[in-house]
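Just need the structure, nothing else, for what follows:
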Amino acid sequence: MTQLLSLSRAARLAGVTRAELQRRIRGGEIQTFEGEVAVSDLLRVYPRVSLEKTGMLERVERIKARAVPRTSQDDTVLPSAEVLLSRIRSLSEALTHKVALVDAQEALLEELRQRLAALAPTCDAAEAGALGDWLDRRRAEIAAQPVDEGRTQLLAKDTFLRIMSASVKIIPSGHEFFVDGTESILDAAVRSGLRLSYGCSSGNCGECKARVVSGEVWKLGEHDYVLSEREKQMGYVLTCCNTAVTDVVLEAAEARSAADLPEQQIQAQIRKLEPDSDTLLQLHVQTPRTQTLRFMAGQQARLQLESGASAQLPIASCPCNGRNLQFSVRLGEDAFSRELFSQAKARQRIDLAGPYGRFVLREEATEPAVFVAVGDGIAPIKSLIEHAISIDNVVGFHLYWTVAADDGHHYRRWCRALRESLDNFAFTPLVEADADDLLALLRADLSDLADVYYYLAGEASLLHGLRRRLLDLGVAEERIALEVL
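Numbering: from 1, shown residues only. Here you go, the predicted model:
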C-alpha cells in the first residue's frame, strides 16, 4: 500500500521548504495524489534523510524565529507531559494496529498454503506443489530482505516529529501548519502566517471558535467564554486555549483579504526606541497580551502619543507576531516624529489604530517575487518579505533597495542575514538609482519579466516611472503592487 504524506510533513521530513517541494512537483519530479506525496517518491528525490533538521528548512526556521521576539515567559519547544503521553499513546495504538494487521496477513498466507496442500490430491499435484513451493520461497525471501535504511530512517523521523509536533489542516482553505511545544493552535497558526479569526486570544471573547473535524486536541487552561452544549457536541473549541495532540483537521474562518480584517483600537506602549542615525529611529511597540493587532504584511497603522501627536506609518514587522510591532520613523517637521526623537521613552503609552491599506502579498502565488524599495519604502517591503518567508510559498525573492546615500541602507544587516541564510533570496543595494537603472537590472537578472510579481514601495515619481516601463514590456497590471509613501 502506498504511504502518503501531506506537502508540509513531506517538506519537513526532507529538510526543505514547501516552495522547494512545490517546484519539484511542478517540474514533474514528484507526483501528487490529492495534494499528498508518496514516501517512495520523496525518497527517490531526497534519498538522504536524517533525524536532524537540515538544509533550507533549518535556515528558514532561524529567520522566522528572529522575526518573532521571545521572552522568558514563552513556552519551551517541548510539549507538555500530558500532550507527550497522549501522542505516544496514539502512536502506540497505531503501531499495535499495524502489528495486528501484519499478523493477520501472515495467518492468511499460512491458511492459503494449507488450502493449496489440501487441493493437491484433487488437481494437478505438480502445479499445486509448485505453487506452494513458490509461496514458501517468496515468504522466505521477504523475511530475509535487508532493511531499506532510507525508508526506515524516513519513517523514524516522521514518528519522532509526530511526537514533538502535530499538524493542523484548516478547511475549507486547505492551509496546513505545525503546532510545536505547548503553543496554542491559534499561536501556531499566526506564527505560520495564517489569519484565523480571533479577538482577545485569552479565552474571553470566543472569536477564535473553530470545529474539530478529526484528531485530538488538549485544553491548555480554562476560559471565561462558555461554549454551549450543542457546540461542544459538534466539536467546537477555542483555538487560543487548545493545542493539537494528534494531527487535526479544523474547520475555521480565515481572513482572505485586507477587507476581512476589522479596524482595531489598541492602547499599547513603547517597548524600545532604537536610533539608526540622527534622523531615523526604529520604534518598537508592544500591545497587551490580550489584544494583539491583526494585520496583513505591508499594511499601515496610526500611532498617537499621549500629547495627541500622531502619524500613520507602514508596519515594518511580520504579522506572525501582532504583539510586537516595528515602525521606522524619519525625523521631520511633524509633531509626532519630533516628540519621539526628543522626549519619548520606553514603557510610555502609545495608542494604535488599524490596520489600513491594500499593499499586501499575493499569498497563493508561487512565482518569483521582486521587491523594489526606494528610501524608507523598505519598511512595508520588510514586512512583506518576512511574511513571504513565514508562509513558505514563493519560490524565490529579489530585493532591490535604492537610497540617497551609501549609508542609507539601515536594514543592511537584516538583508545580509537573509542573503546568507536563504538560497532563494538575493539583495541588490543601490545608491541614487532611477527608473531606467532599475529596469536595466531587472532585465539583466530576470529571464522573463512577465513571470514575476512586483512589489514597489517608496517615492512616487520613480516608482510610477518603473511601473509604466514594466507595463510597456508586457507585465500584467495585476502583477504590480505599488505603495507610495
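
so who does residue 262 touch?
By C-beta atoms under 8 Å, 6 or more residues apart in numbering, the contact list for residue 262 reads residue 294. C-beta here means a position set from N, CA and C on the backbone, and glycine is covered the same way.

pretty sure it belongs to a strand, no?
No. Applying DSSP: H, G, I helix; E, B strand; the rest coil, one finds residue 262 to be coil, outside a strand.

Wait, residue 276 touches residue 282, no?
Yes. Here residue 276 reaches residue 282: they are 6.3 Å apart, a contact under C-beta atoms under 8 Å.

And those two? Which one has more around it.
The neighbour comparison of residue 276 against residue 282 (other C-beta atoms under 10 Å) goes to residue 282, with 18 against 15.

so what's the backbone phi/psi at the more buried one?
Residue 282 adopts backbone torsions of phi -100, psi 120, taken as degrees, to the nearest 10.

can you pull the pLDDT of it?
Model confidence at residue 282, given as pLDDT, is 97.

Quick check: bridge partners of it?
Counting by DSSP bridges, residue 282 forms beta bridges with residue 274, residue 328.

and residue 83, what does it touch?
Residue 83 neighbours (C-beta under 8 Å, 6+ apart): 182, 218, 243, 245.

Go again with 6 Å.
Counting by C-beta atoms under 6 Å, 6 or more residues apart in numbering, residue 83 touches 218, 245.

next one: residue 240
Applying C-beta under 6 Å, 6+ apart to residue 240 gives the contacts 184, 186, 201, 203, 208.

Same question for residue 288.
Shown in contact with residue 288 (C-beta under 6 Å, 6+ apart): no residues.

my hunch is that it is in a strand, does that hold up?
No. The assignment for residue 288, made by three-state DSSP, is coil rather than a strand.

for it, phi and psi?
phi -60, psi 150.

Tell me the helices and strands packed up against the helix or strand where residue 385 lies.
Element membership of residue 385 [criterion: DSSP states H and E] is helix 378-391. Counting contacts by 3 or more C-beta pairs under 6 Å, 6 or more residues apart in numbering; DSSP states H and E, helix 378-391 packs against helix 55-67, strand 453-458.

Tell me where the stretch 101-250 of the chain has helices.
125-144, 149-164, 185-191, 229-234 (DSSP state H, counting those that start in this stretch).

quick one, which of the ones you listed is nearest to residue 332?
Residue 332 sits nearest to helix 185-191 of all the helices of the stretch 101-250 of the chain, at 33.2 Å, using C-beta to C-beta.

got the contact list for that closest one?
So helix 185-191 is contacted by 168, 177, 179, 196, 198, 208, 239-240, 242, 244, 320 (C-beta under 6 Å, 6+ apart).

From the residues you listed, pick the one nearest residue 8.
Using C-beta to C-beta, the contacts of helix 185-191 come closest to residue 8 at residue 177, 7.1 Å.

Now the buried members of the contacts of helix 185-191.
Those of those that meet the buried threshold are 168, 177, 179, 196, 198, 208, 239-240, 242, 244, 320, by 16 or more other C-beta atoms under 10 Å.

For residue 459, grab the count of nearby residues.
Close neighbours of residue 459, defined as other C-beta under 10 Å, add up to 15.

cool, and residue 257?
11.

quick one: it from residue 364, how far?
12 Å (C-beta to C-beta, to the nearest Å).

comparing the helices and strands packed on helix 378-391, which gets the lowest mean pLDDT score?
Note on the helices and strands packed on helix 378-391: lowest mean pLDDT is at helix 55-67, with a mean of 51.

Can you report phi and psi for the closest residue to residue 386 other than its chain neighbours?
Computed as C-beta to C-beta, 6 or more residues apart in numbering, the closest residue to residue 386 that is not its neighbour in sequence is residue 318, at 3.7 Å. As for residue 318, its main-chain torsions (degrees, to the nearest 10) stand at phi -80, psi 140.

Equivalent analysis for residue 257, please.
phi -150, psi 170.

ditto for residue 314
When read as degrees, to the nearest 10, the backbone of residue 314 gives phi -70, psi 140.

Roughly how far does it sit from residue 295?
For residue 314 relative to residue 295 (C-beta to C-beta), the value is 11 Å.

just to revisit the earlier point, any chance of CSV for the helices of the stretch 101-250 of the chain, columns mean pLDDT, distance to residue 46 and mean neighbour count?
Formatted as CSV, the helices of the stretch 101-250 of the chain follow (pLDDT from 0 to 100; distance: least, C-beta to C-beta, whole Å; neighbours: other C-beta atoms under 10 Å):
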stretch, mean pLDDT, distance to residue 46, mean neighbour count
helix 125-144, 80, 26, 12
helix 149-164, 65, 9, 16
helix 185-191, 92, 25, 25
helix 229-234, 96, 40, 10
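
Identify whichever of those helices lies nearest to residue 14.
When those are compared by C-beta to C-beta, helix 149-164 sits nearest residue 14, at 8.6 Å.

any weak-confidence spans in the stretch 251-400 of the chain?
Scanning the stretch 251-400 of the chain for pLDDT under 70 picks out nothing.

of the contacts of residue 240, closest to residue 20?
Lowest distance from residue 20 to the contacts of residue 240 (C-beta to C-beta) belongs to residue 186, with 27.8 Å.

residues near residue 246, how many?
Neighbour count for residue 246, taken as other C-beta under 10 Å: 19.

Could you verify my assumption that it touches residue 216?
Yes. Between residue 246 and residue 216 there is a contact under C-beta atoms under 6 Å: 4.6 Å.

Now do the same for residue 285: helix, strand or coil?
At residue 285 the chain is in strand, as set by three-state DSSP.

Skipping adjacent residues, who's closest to it in space?
Spatial nearest neighbour of residue 285, chain neighbours left out: residue 325 (4.6 Å); criterion: C-beta to C-beta, 6+ apart.

For the residue at the greatest distance from the centre of the chain, give me its contacts.
Most distant residue from the mean C-alpha position of the chain: residue 121, 65.8 Å away (C-alpha atoms, centre = their mean). Shown in contact with residue 121 (C-beta under 6 Å, 6+ apart): no residues.
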